[in-house]
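> Sequence and predicted structure below; questions after.
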Amino acid sequence: MSHHSFSRIASAFIIGVGLLTLAACREDPDPHQPPEPKTLELPVTQAIVKQIERLYSTPGSVASDERVEVSSRTTGYIQRISVHEGDVVSKGGILVEIDPTDIEGAINRGQATLSSAQTALKDAEQDVVRLAGLLEKGVVSNETVRKANVGRDVAQAHLAEAQAALDTALAGRRYTTIVSPIDGIAVARQKQVGDLATPGVPILTIESRTDLLFKTSVSESRIGSVRVNAPIGVEIDALGQTEITGEILRIIPSGDPVTRRYDVEIALPAGQEAFPGMFGRAHFITGTDVIVVVPTDALLERGGLKGVFVVEDDHAKFRWLRLGRIFADTTEVRVGLDGGETILARDDVQLRDGDKIVIVKKAQTND
């Protein structure tokens, strides 16, 4: 057999094998069969339609309703400051002591001036009495007696002036010790020991912790629905998701001309573990909404999607949900349910889409 004939036979053999292999590949294998649906006994509940208050939420901060700038009523060098930032102070507690040297000097001068005025008045009164006797004897003129009376009146005025100056100096002695006017916390210290204290210049800033406010602002379009003394919910981030019920204390009627917003102050109930400056939100009630809610325990996750299993014709069908607000034990469903659907009350690791459900017990849903 020639070489060319052998090559042709070999090529034909290879082509035949290839065709057989291709034909074999074209044959469909057995299709993959999904697992048979399981039958699970699980409790169910329902998606509920309910009416809730429509809320308008605004950010804000906790503030003290009583903020005191402590300053001196007299001039003097600060000798002692008893508190630092963050210290708790009690009403009547000593905060600042002013060096009393200048005050004591003023008191001594006032006492000396008063003593001199008293002596001058005594002499003037004696002159009036003496000259009155001489006038009766015709020794002095009426003009001399008149001038003596004027001198006595002037001495009396000087005595009153000296007494007032001494009283002022004595009052200044009281002002050298500054006490707290409220129970609160020292939040700022503007002066140090050795600084000169002058009237009206703050030394310390104190905020009350018993009278706390939540300050927020409301848009121009919403301010008409805000009413003083109305209850309002407040959430403070640092205190968790627990809502505090406050009361609208005051509305500042002058709005910001740029933002068109009006400041609103909300009184918080006593006993809160809040501090001035904490961030939060106020929830104003502006009406009512009809929403669908499901028990939070019924929510589960499949493939990164939040949803529930809806029971239809005794079979579980996973339904993706778009969720909204979270309440005490329920969650708002914004997209995915219309209300009234029967859903599984809890998840099960064995549960797959399409499994048959045997209802064990119908769970109660809070409205």
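Everything's here; your move. Numbers count the residues shown, from 1 in each chain.
> Would you mind listing the residues in contact with the nearest residue to Leu337 once chain neighbours are set aside?
Leaving out its chain neighbours, the residue that sits closest to Leu337 by C-beta to C-beta, 6 or more residues apart in numbering is Ala47, at 4.5 Å. To be clear about C-beta, it is placed using only N, CA and C from the backbone, and glycine gets the same treatment. By C-beta atoms under 8 Å, 6 or more residues apart in numbering, Ala47 lies in contact with 292-294, 308, 333, 337-341, 343.
> how far away is the residue nearest to Glu332 when sequence neighbours are not counted from Gly246?
Take Glu332 and drop its neighbours on the chain: the residue closest to it by C-beta to C-beta, 6+ apart is Gly324, 3.5 Å away. From Gly324 across to Gly246, the span is 24 Å (C-beta to C-beta, to the nearest Å).
> which residues touch the closest residue to Val88 other than its chain neighbours?
In this structure, Val88 finds its nearest non-sequential neighbour in Ile185, 5.7 Å apart by C-beta to C-beta, 6+ apart. Shown in contact with Ile185 (C-beta under 8 Å, 6+ apart): 86-89, 206-207, 209.
> Now do Glu265 against Arg222, distance only.
16 Å.
> who has more neighbours, those two?
Using other C-beta atoms under 10 Å, the more surrounded residue of Glu265 and Arg222 is Glu265, with 18 against 15.
> these two touch, right, the more buried one and Gly246?
No - here Glu265 does not reach Gly246: they are 9.7 Å apart, not a contact under C-beta atoms under 8 Å.
> Which neighbours do those two have in common?
Residues touching both Glu265 and Gly246 (C-beta under 8 Å, 6+ apart) are Phe214.
> Off-centre distance for stretch 122-129?
71 Å (C-alpha atoms, centre = their mean, to the nearest Å).
> how close does the residue nearest to Val88 get to Phe275?
Taken as C-beta to C-beta, the span from Ile185 to Phe275 is 8 Å.
> shared neighbours of these two, anything?
Common neighbours of Ile185 and Phe275 (C-beta under 8 Å, 6+ apart) are Arg209.
> Return the subset of the contacts of Ile185 lying in helices.
Here DSSP state H is the test, and these give no hits in helices at all.
> Is it possible to mark the buried ones in these?
Neighbour-count burial within the contacts of Ile185 applies to 87, 89, 206-207, 209; the criterion is 16 or more other C-beta atoms under 10 Å.
> now the most centrally placed residue in the chain, nearest residue through space, not along the chain?
Residue closest to the average C-alpha location in the chain (C-alpha atoms, centre = their mean): Val62, at 2.1 Å. What sits nearest to Val62 in space, not counting adjacent residues and going by C-beta to C-beta, 6+ apart, is Met278, at 4.4 Å.
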